[in-house]
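1. Next come a sequence and a model predicted from it.
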Amino acid sequence: MPVTVVVGAQWGDEGKAKVIDLLSKEHTYVVRYQGGHNAGHTVVVNGEKYALQLVPSGVLYDHVIPVIANGVVVDLPTLFKEIDMLESRGTSCDSLKVSSRAHLIFPWHQSHDAISEAMRGDDKLGTTLRGIGPAYADKSRRVGIRAGDARNPERFATLIRERCTAENKLIGDAGGEELDVDDIVERFSVMGARLAPYLSDTISLLHNALAEGGHVLLEGAQATFLDLDHGTYPYVTSSNPTAGGASVGTGLGPRDIDRVVGITKAYTTRVGAGPFVTELFDDDGKTLAEVGHEFGTVTGRPRRCGWLDLVMLRHAVRLNSLTELSLTKLDILDGFDTVKICTAYSHNGVPITDYPDQYDVLEEIEPVYEELPGWKTDITAMREPGQLPAEAKAFIEIVEREVGVPVNVVGVGAERDDYLVWAS
Ligand code: GDP
Ligand code: IMO
Ligand code: MG
């Protein structure tokens, strides 16, 4: 399959990076297509944890060319910190390509993110405060500064000075702390020079790679239900993680995409505010959080936890044309006497078949659960479907049956090799 997209099917942190690491074995290019350093993608290799925010998760393989494509918003301090971290641990980033069309994040974006969250009072979105929304807003209002602007250092410095001066006025008016323009121009000019060798016309690069028989893996960040158009607006991120965003964010046409893999945990989590139909506030929720180590990779915030929601997954299949699902963290359910799966929604006693289009309706939805016996067995060392307890197999089969797409792999632990191939 020349082009595969990996997309989160829930609210993020589904274990996308681990599946991308696995699929990277058979791909030559691994490409981030949206989002920025709000992402936290974890790969664990021989007990060593790599938490990546911008560099694509395929970077840990020598044969992979990592690409940050046009749809991403790039925070240069984070990018270089990550490159330094990887190189100090023996992973070269020399082949990394950064799209000249990708927009850059600047400190004023982070100021605006903080100001707009503060202005919401008790109704905060719970953003990562990384400046993601303001950076995409600047892209939309056509005042953004792009990575390719760094090719001309003088112009780059002028653009930064002009924008920073204009944004300072807005920040000051909103009661925020004005930024040091000279300092920002100087620091980002140095980083712009460091960025130059990585810059690439990644659209031509990827099309040429395909023409030469290369295999391309498109790495989604965030997830379907954080999508600006399809998520639980306004409690969403400011990009399009859904599979259509992979096309826009890379310049590969929709017909170039052959395979779309949705990643879902065996339960559900969410960081930040917004509706969450199957959220648990009881001991089961606490157990999921504790056993699953459910703390945000980027912000360290506790993740809200609940049972698996198949209504969401069915909608994710529609929105993304999912060809398959990877089911991660099944091992986190090992200790439960019984586990629940939400198979349907009801609103004021009326069954709901289509995913609701308003978040306030979602807040009133009652989940309809199927309760299944647990397996009470440690499955972490299991590598063949035949080794799984019957109850765990039944759980996977219900997901496949109710969602209508096959499960390809099942995650049984955090390590790179902790998975089993369910169907190929
Ligand atoms: P991403 O943002 O979708 O790439 O996911 P994160 O890396 O933010 O969060 C997923 C967490 O679960 C990471 O700590 C992974 O190491 C871990 N993980 C992934 N798959 C599995 C699995 O199958 N079992 C267990 N126990 N942990 C997993
Ligand atoms: P990965 O790629 C989980 C959430 C934030 C907040 C909302 C908007 O690791 O799955 P933003 O800073 O993007 O404007 O915040 O989106 N969020 C994530 N939640 N995983 C992520 O990325 C996320 N990226 C953003 O918590 O609710
Ligand atoms: Mg994450």
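-> Everything's here; your move. Ligands and ions are numbered 1, 2, ... in the order given.

2. looking at the sheet around the residue nearest to residue 384 when sequence neighbours are not counted, what are its partners?
-> The shortest distance from residue 384 to any residue that is not its chain neighbour, by C-beta to C-beta, 6 or more residues apart in numbering, is 6.1 Å, and that residue is residue 420. (Each C-beta comes from the backbone N, C-alpha and C, glycine too.) Residue 420 forms beta bridges with residue 410, as assigned by DSSP bridges.

3. Ligand 1 contacts on the stretch 251-400 of the chain?
-> Taking C-beta under 6 Å from any ligand atom as the measure of proximity, the stretch 251-400 of the chain contacts ligand 1 at 297, 328, 329, 331, 332.

4. what's the spacing between the fourth one and residue 186?
-> Distance, residue 331 to residue 186, using C-beta to C-beta, to the nearest Å: 49 Å.

5. which one of the two has more residues nearby?
-> For residue 331 versus residue 186, neighbours defined as other C-beta atoms under 10 Å are more numerous around residue 331 (23 against 13).

6. Pull the contacting residues for the more buried one.
-> Residues in contact with residue 331, defined by C-beta atoms under 8 Å, 6 or more residues apart in numbering, are 378, 379, 380, 411, 412, 413, 418.

7. what do you get if the cut-off is 7 Å, keeping everything else the same?
-> The contact partners of residue 331, by C-beta atoms under 7 Å, 6 or more residues apart in numbering, come to 379, 380, 412, 413.

8. Quick check: chain neighbours aside, which residue is closest to it?
-> According to C-beta to C-beta, 6+ apart, the nearest residue to residue 331 is residue 412 (4.8 Å).

9. For the one you found, give me its contacts.
-> Neighbouring residues of residue 412 by C-beta under 7 Å, 6+ apart: 330, 331, 379, 380, 382, 418, 419, 420.

10. out of these, who has the most neighbours?
-> Most neighbours among the contacts of residue 412, by other C-beta under 10 Å: residue 330, with 27 neighbours.

11. pLDDT score for that one?
-> The per-residue pLDDT reported for residue 330 equals 98.

12. ok, now residue 359?
-> Confidence at residue 359, expressed as pLDDT, is 81.

13. That one: what's it in contact with?
-> Under the criterion of C-beta under 7 Å, 6+ apart, the contact list for residue 359 reads 232, 233, 235, 274, 275.

14. Tell me where the stretch 151-300 of the chain has helices.
-> With DSSP state H, counting those that start in this stretch applied, the stretch 151-300 of the chain shows helices at 153-173, 181-195, 202-211, 243-248, 283-291, listed in chain order.

15. Make TSV out of the ones you listed and add mean pLDDT and distance to residue 401.
-> Supplementary listing: the helices of the stretch 151-300 of the chain in TSV, determined by pLDDT from 0 to 100; distance: least, C-beta to C-beta, whole Å:
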stretch	mean pLDDT	distance to residue 401
helix 153-173	97	52
helix 181-195	98	49
helix 202-211	98	35
helix 243-248	98	23
helix 283-291	96	23
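
16. which one is the closest residue to ligand 3 within the stretch 201-350 of the chain nearest to, not counting chain neighbours?
-> Taking C-beta to the ion, ligand 3 has its nearest neighbour within the stretch 201-350 of the chain at residue 297, 4.7 Å off. Distance criterion C-beta to C-beta, 6+ apart; nearest residue to residue 297, sequence neighbours excluded, is residue 40 at 2.6 Å.

17. Distance check, the one you found against ligand 2.
-> Applying C-beta to the nearest ligand atom, to the nearest Å, the value for residue 40 to ligand 2 is 4 Å.

18. same question, residue 313
-> When distance is defined by C-beta to the nearest ligand atom, residue 313 is 16 Å away from ligand 2.

19. again with residue 94
-> Between residue 94 and ligand 2 the distance is 25 Å, computed by C-beta to the nearest ligand atom.

20. Spit out the contact partners of the closest residue in space to residue 276 that isn't next to it in sequence.
-> Taking C-beta to C-beta, 6+ apart as the measure, residue 276 lies nearest to residue 270, with 5.1 Å between them; neighbours along the chain are not counted. Taking C-beta under 7 Å, 6+ apart, we find residue 270 in contact with 11, 276, 303, 304.

21. Let's verify residue 79: helix, strand, or coil?
-> Under DSSP: H, G, I helix; E, B strand; the rest coil, residue 79 falls in the helix class.

22. Identify the residue spatially nearest to it, adjacent ones excluded.
-> The shortest distance from residue 79 to any non-neighbouring residue, by C-beta to C-beta, 6+ apart, is to residue 54 (5.1 Å).

23. where does that neighbour land on pLDDT?
-> In this prediction, residue 54 carries a pLDDT score of 98.

24. tell me the contacts of the residue of the stretch 201-350 of the chain closest to ligand 3?
-> Listed by C-beta under 7 Å, 6+ apart, the contact partners of residue 297 are 13, 40, 42, 51.

25. burial measure for residue 76, as a count.
-> 21.

26. tell me the most buried of the helices of the stretch 151-300 of the chain?
-> Per-stretch averages of neighbours, counted by mean count of other C-beta atoms under 10 Å, single out helix 243-248 among the helices of the stretch 151-300 of the chain, with a mean of 22.

27. which residues touch that helix?
-> Residues outside helix 243-248 that contact it (C-beta under 7 Å, 6+ apart): 5, 7, 33-34, 71, 218, 220, 239-240, 253-254, 257, 260, 320-321.

28. Can you turn the buried part of the residues you listed into a ChimeraX selection?
-> Restricted to the buried members of these, where burial is judged by 16 or more other C-beta atoms under 10 Å, the ChimeraX selection command reads as follows:
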select :5,7,33,34,71,218,220,239,240,257,260,320,321
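
29. The residues of the stretch 251-400 of the chain next to ligand 1: which two are farthest apart?
-> The widest separation within these, taken as C-beta to C-beta, falls between 297 and 331 and amounts to 18.6 Å.

30. Close to ligand 3: what parts of the stretch 251-400 of the chain are there?
-> Counting by C-beta under 5 Å from the ion, the residues of the stretch 251-400 of the chain close to ligand 3 are residue 297.

31. This protein against ligand 2: which residues are in contact?
-> Residues of the chain found near ligand 2 (C-beta under 6 Å from any ligand atom) are 8, 12-13, 38-41, 125-128, 130, 132-133, 221-223, 226, 237-238, 271-272, 297.

32. quick check: domain ranges of this protein?
-> Following automatic domain parsing, the chain resolves into domains at 3-100+199-256, 103-195, 264-421.
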